[in-house]
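sequence and predicted structure below; questions after.
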Amino acid sequence: MGSLGIVLGGCIVLGLLLFSSQTTAASSSLAAPMTAPKLMARGHVGMGPKYGPQMQSFRPIHRMQAPQAIKDIFMPALSSTMTEGKIVSWLKSPGEKVAKGESVAIVESDKADMDVEAFDEGILATIVVPEGGITGVGKAIAYLVDSEGEIEAAKAQAGPAAPAAPAPAPAPVAPEPAAATATATVSAPVAPAAPAAPAVVPQPRADGRIIASPLAKAMAKEKGIDLATIGGTGPNGRISVKDIERVASGSAPAAPAATASVVSAQPAAKAPAAPASKAPVAAEEDVELPPRGSVAAFTTLQAAVSKNMMASLEVPEFYVQTVISTDKLDEMYLALKPKGIAMSPLLAKAVGLALAKNPTLYASCPDGNSIKYNEHVNVAVAVAMPDGGLITPVLADADLHDVPSLASSWKDLLGRARSKQLKPEEYSSGTFTISNLGMFGVDAFKPILPPGTAAIMSVGASKPAVVSKDGEIKVEKQMTVGLAADHRIVYGAQAAEFLRDLKEIIENPYQLLV
C-alpha cells in the first residue's frame, strides 16, 4: 500500500488522488469515482483496478488529469467463483491504437468467453499474457501507453514476458490444391468428373474469431497449419480435427481469406479427390478421439467442474428414486414438438411446479447452521460441452413461466451455452438442477450434488415396461427419476414428497399447460 494523498476531514475533489497502491506489476492511483463499468451483452469488462462484476457497488476509478504514462490491463473477475482466466485471443496487437470502450481481448472464465473492454485510450505497448496463457484475477495481462516513445519503458516494466503464441508456419500444402495459396491461379481446365459431389466451402466466423477444439489446435500447430485460413464445419464455425485432416491432405479448401479473389473457381480443381469424400462432414464432426497415450491439460471449464465436484464431497448427501409413467407426457411432447417445444422445457416446468410445493428442495445451506429459502425456482439443466466439461443454463422462475416461454428461453440459452456466450447469471443462478442421460439410453444413475444447492434430479430413459393396472396386464412407458439431496437440510420424507408431487404432475401433464 502506498501513501495517502489527502488529510482526513479534507474535501475530496473529483479526480483528486486519494492514495496510490503497489501491485506486482505496476502502481495505480485511486481517484474520486466518476462512472461505473458496464457488463455488456457478452460480458465486456473494463481495464483498471482489480474488481469484478460481483462488486458492482464499487465504482470504477479514473486516473488524474495528468494520467500515468504506463497503464496496465488486469485480468478481470468475470464471476464470483473465478480465480484465474485464460486468454482466448487478442483482438489488438502491440503497437495498435486502442480507443476507449474498444474490446482488446477475449478471456475464457470458468464457464464463458467474455470481452475485455478498454476504459482508456492509448497504444497497446506490450502483451504480458499471450493467447492460451492463464493468469490470476487482478494480474496484468498487457500494458497501455499514451505515446510510442513510452513503449520500451512499458516493455521493461513488463519484464521478460512469455513469448506470444508463435504463429504457425505456412502449411506445407501438396502441389495440387490452389485454395491454400490465395494466388488466384485459375490455371488448367478442370476435369469434368467433379460436379457429382460439390464441396461446400466452410465459411469463417463473421466476427473473425477462431474457435477450435484443443485437439484441432494441437494438430494444426504440429502440421504448421494457420487456423485463420480454415473455416470450421462445426457449430458456430468451430474447427475440428477433421477440418485439420482435410486441409492437411488437401481434400478440402481453406476458408476464403481477406483477399478472397477468384477462389470460387478453385473447388472444381479437386476433382480427382472427390471420390474419396465420404459422408457429410457434420456426421463426423463429433468423432474426435485423443491420441493414445497422450495427456491433455484441463480446459478452464473442466477445471471448474473438477473443483466443484471435489467440493461436493464435503456435503452429506443421500439418494432416492422412483419410477414414473411417461405415456401421457410423451403424447403431449409429440403434439408440441412441431411447435418447437423440446422435452427439457416440459421437464423443467414439471419440476418447477413440484418445487413450488416443496421449498426445502430448492433451498441451500450456506454456513452449515441455517437454511436459506430461495426466492426463485430457477431450474438449471446440465448440458455437455463439445470440448469437455458441462454447463448448466438456467430457466429462471420455471414455476411461473408457461411452457412456450420456457421453450423459447431454452432454445436461446442452449445455443449460447454451446458457443460459451452465456452471461454469469444465466449459468450460476440455479437453485435446483436436472441431469438427463435418458437420450443415451441410460436407465438410471446417481447424480452428484452441485455445491450451494439442496438437490439435483437425474432422468433416465423412457422404456416400455409390463405393468398390472386395474386388474389388467398392460405395457406402458416408464422412466426412472432419481434425487440426490443435502441431508443437512433435506430429509427422506421431504425428498419422497417431492418425487410424489413430480410423479403426479408428469403422469397428468395437462396441468403443465394451464
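Done, it's in.

what's the burial count for R246?
By other Cβ atoms under 10 Å, 22 other residues sit near R246. (Glycine included, C-beta is placed from N, CA and C.)

looks to me like it is in a helix.
Yes - assessed with DSSP: H, G, I helix; E, B strand; the rest coil, R246 lies in a helix.

would you map the strands across the stretch 251-400 of the chain?
Using DSSP state E, counting those that start in this stretch, the strands assigned to the stretch 251-400 of the chain run over residues 317-325, 379-381, 383-384, 390-391, 394-395.

now stretch 85-94: buried residues?
G85, K86, I87, V88, S89, W90, L91, K92, P94 (16 or more other Cβ atoms under 10 Å).

just these: which are in helices?
Among the buried residues of stretch 85-94, no member falls in helices (DSSP state H).

just these now: which is nearest I341?
Distance to I341 across the buried residues of stretch 85-94 (Cβ to Cβ) is lowest for V88, with 33.9 Å.

give me the low-pLDDT residue ranges for the protein?
Applying pLDDT under 70 to the chain picks out residues 1-68, 78-81, 109-112, 119, 160-209, 213-215, 235-236, 251-288.

which stretches of it form helices?
151-158, 214-223, 241-249, 281-284, 300-312, 327-336, 343-356, 403-418, 492-507.

picking that back up, out of the strands of the stretch 251-400 of the chain, nearest to F440?
Among the strands of the stretch 251-400 of the chain, strand 383-384 comes nearest to F440, with 10.0 Å by Cβ to Cβ.

each with direction, which strands does that closest one pair with?
Under the criterion DSSP bridges, strand 383-384 sits next to strand 390-391 (antiparallel) in its sheet.

any idea how far apart the tips of stretch 290-302 sit?
End-to-end distance for stretch 290-302, by Cα to Cα, to the nearest Å: 16 Å.

now do the buried residues in it.
Within stretch 290-302, the residues scored as buried using 16+ other Cβ under 10 Å are T299, T300, L301, Q302.

nearest spatial neighbour of the last one, skipping sequence neighbours?
Spelled out, it's Q302. Excluding its sequence neighbours, the residue lying closest to Q302 (Cβ to Cβ, 6 or more residues apart in numbering) is G389, at 4.3 Å.

return the distance of that neighbour relative to E317.
22 Å (Cβ to Cβ, to the nearest Å).

got it, and E497?
Distance of E497 to E317, computed by Cβ to Cβ: 18 Å.

of these two, who's got more company?
Neighbour count, other Cβ under 10 Å: between E497 and E317, E317 has more, with 20 against 16.

surely that one is in contact with P447?
No - assessed by Cβ atoms under 8 Å, E317 is found out of contact with P447, at 9.6 Å.

give me the common contacts of those two.
Taking Cβ atoms under 8 Å, 6 or more residues apart in numbering as the criterion, E317 and P447 both touch A484.

measure stretch 371-386 end to end?
The first-to-last residue distance of stretch 371-386 comes to 36 Å (Cα to Cα).

if you could redo that for stretch 427-436, that was the one I meant.
End to end - Cα to Cα - stretch 427-436 spans 17 Å.

could you do stretch 373-380 as well?
End-to-end span of stretch 373-380 (Cα to Cα): 17 Å.

buried sites along it?
Using 16+ other Cβ under 10 Å as the test for burial, stretch 373-380 gives N374, V377, N378, V379, A380.

wait, which of those is closest to K155?
Nearest to K155, judged by Cβ to Cβ, of the buried residues of stretch 373-380 is A380 at 45.1 Å.

now do the contacts for the nearest residue to that closest one once chain neighbours are set aside.
Counting by Cβ to Cβ, 6+ apart, G430 is the residue found nearest to A380 once chain neighbours are left out, at 2.8 Å. Residues counted as contacts of G430 (Cβ under 8 Å, 6+ apart) are N378, V379, A380, T392, V394, P450, T453.

quick revisit: closest one to R246 out of the buried residues of stretch 373-380, please.
A380 (37.4 Å).

for the closest residue in space to D113 that isn't next to it in sequence, what are phi and psi?
In space, D113 comes closest to K420 once its chain neighbours are excluded; the distance is 4.5 Å by Cβ to Cβ, 6+ apart. Main-chain dihedrals, K420, degrees, to the nearest 10: phi 60, psi 50.

any idea how far K420 is from P393?
Separation of K420 from P393 (Cβ to Cβ): 12 Å.

my read is that T326 contacts N508, right?
No - T326 lies out of contact with N508 (Cβ under 8 Å); the separation is 12.0 Å.

quick one: which of those two has more around it?
Neighbours were counted for T326 and for N508 using other Cβ under 10 Å; T326 has more, 22 against 11.

all strands for the stretch 101-250 of the chain, in order.
103-108, 113-117, 122-127, 134-136, 140-145.

what is the neighbour count of V383?
The local packing of V383 (other Cβ under 10 Å) involves 18 other residues.

name the strands paired with the lengthiest strand in the chain and say parallel or antiparallel.
Of all segments of type strand in the chain, defined using DSSP state E, the longest is strand 472-486. Strand 472-486 pairs in its sheet with strand 317-325 (antiparallel), strand 455-459 (antiparallel), strand 463-469 (antiparallel), by DSSP bridges.

counting neighbours, which bits of that strand end up buried?
Within strand 472-486, the residues scored as buried using 16+ other Cβ under 10 Å are K477, Q478, M479, T480, V481, G482, L483, A484, A485, D486.

which one of the strands of the stretch 101-250 of the chain lies nearest to A354?
The minimum distance between A354 and the strands of the stretch 101-250 of the chain falls on strand 113-117, with 34.6 Å, by Cβ to Cβ.

ok, back up a step: angles on the backbone of the residue nearest to Q302, please.
According to degrees, to the nearest 10, G389 has phi 80, psi -180.

quick one: it from M309, how far?
In terms of Cβ to Cβ, G389 sits 11 Å off from M309.

ok, the two, which is more surrounded?
Neighbours were counted for G389 and for M309 using other Cβ under 10 Å; G389 has more, 19 against 13.

who's in contact with I244?
Neighbouring residues of I244 by Cβ under 8 Å, 6+ apart: A216, M219, A220, K223, I225, I230.
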